[in-house]
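The following comprises the amino acid sequence and a computationally predicted model.
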Amino acid sequence: MSTIDELFEANLEYARDFNKGHLPMPPRRRVAILTCMDARLVPSRQLGLEEGDAHVIRNAGGRAQDALRSLVISQQLLGTREVAVIHHTDCGMLTFRNEDLRVRLRDALGAKAEHDAERIDFLPFADVEQSVRDDIAFLRASPLIPQDIAIRGFVYDVRTGRLSDVTLGAEERIGVQPAERPSTRPEARG
Ligand code: ZN
């Protein structure tokens, strides 16, 4: 039995007691979670989410650039008002550079693959807290993301199961007034 066969079997079990067929399409809690595809992350369990609660957008690293299309749809068509960007410790994105992956693709799949890969930024990073901040900055700078959308950033620790908030800089934790924050923050708008 292949793994996919096992998944299919597990779904039969899930559907046996299923009673959530009435849920509406828009997420009830009006939040989108952007996180990594890492197998150790199970957002519904780690964040207490039920069916119908939230959008969970996943990709390698939980990168915002890669998720912009989904976030726009989430916000404009399905009413989400908050974004939680969650990257994590021991992420695979910390282990390579674009160039490494391009060489690997060339060796494994040939020159055409290498050529196509030249146009792809695989969005690796060297610092997991910085990558969260970079993604928040990317979203804040995007004209496609309304300024009044709340955006928070976290690092999930795969050893402890805990999130730490990296949204706030040290100055904000000690109570700097909204006017002193960067003008891209919603609080600073008129
Ligand atoms: Zn990861």
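On my side now, so go ahead. Numbering: from 1, shown residues only.

got the residue ranges for the helices in this structure?
Remark: helices assigned in the chain by DSSP state H are 3-16, 43-46, 68-76, 98-109, 111-117, 128-141, 170-173.

The ion contacts on this protein?
On the criterion CB under 5 Å from the ion, the ion has as its neighbours in the chain the residues 36, 38, 91. Heads up, the C-betas are built off the backbone N, CA and C, glycines and all.

Pipe the residues you listed into TSV and attach pLDDT and neighbour count per row.
As requested, the residues of the chain next to the ion are exported to TSV (pLDDT from 0 to 100; neighbours: other CB atoms under 10 Å):
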residue	pLDDT	neighbour count
Cys36	98	22
Asp38	98	20
Cys91	98	22
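
Which single one of those is nearest to Leu47?
Leu47 lies nearest to Cys36 out of the residues of the chain next to the ion, by CB to CB, at 13.7 Å.

show me what contacts the residue nearest the centre of the chain?
A centroid search over the chain (CA atoms, centre = their mean) returns Leu34, at 2.1 Å, as the residue closest to the centre. Residues touching Leu34, when contacts are defined by CB atoms under 8 Å, 6 or more residues apart in numbering, comprise 57-58, 62, 64, 67, 71, 83-86, 135.

Could you give me the buried positions within stretch 31-48?
For stretch 31-48, burial by neighbour count (16 or more other CB atoms under 10 Å) applies to 31-36, 38, 41, 43, 46-47.

what does stretch 152-159 give?
Within stretch 152-159, the residues that count as buried by 16+ other CB under 10 Å are 152-156.

Point out where the protein drops to low pLDDT.
Within the chain, the stretches with pLDDT under 70 are 168-190.

at 50 what do you get?
Scanning the chain for pLDDT under 50 picks out 170-190.

just to revisit the earlier point, with respect to Val103, which of the buried residues of stretch 152-159 is nearest?
Nearest to Val103 among these is Val155, at 29.2 Å by CB to CB.

ok, the closest one to the ion distance?
The gap separating Val155 from the ion is 11 Å, by CB to the ion, to the nearest Å.

Perfect, I'm done here.
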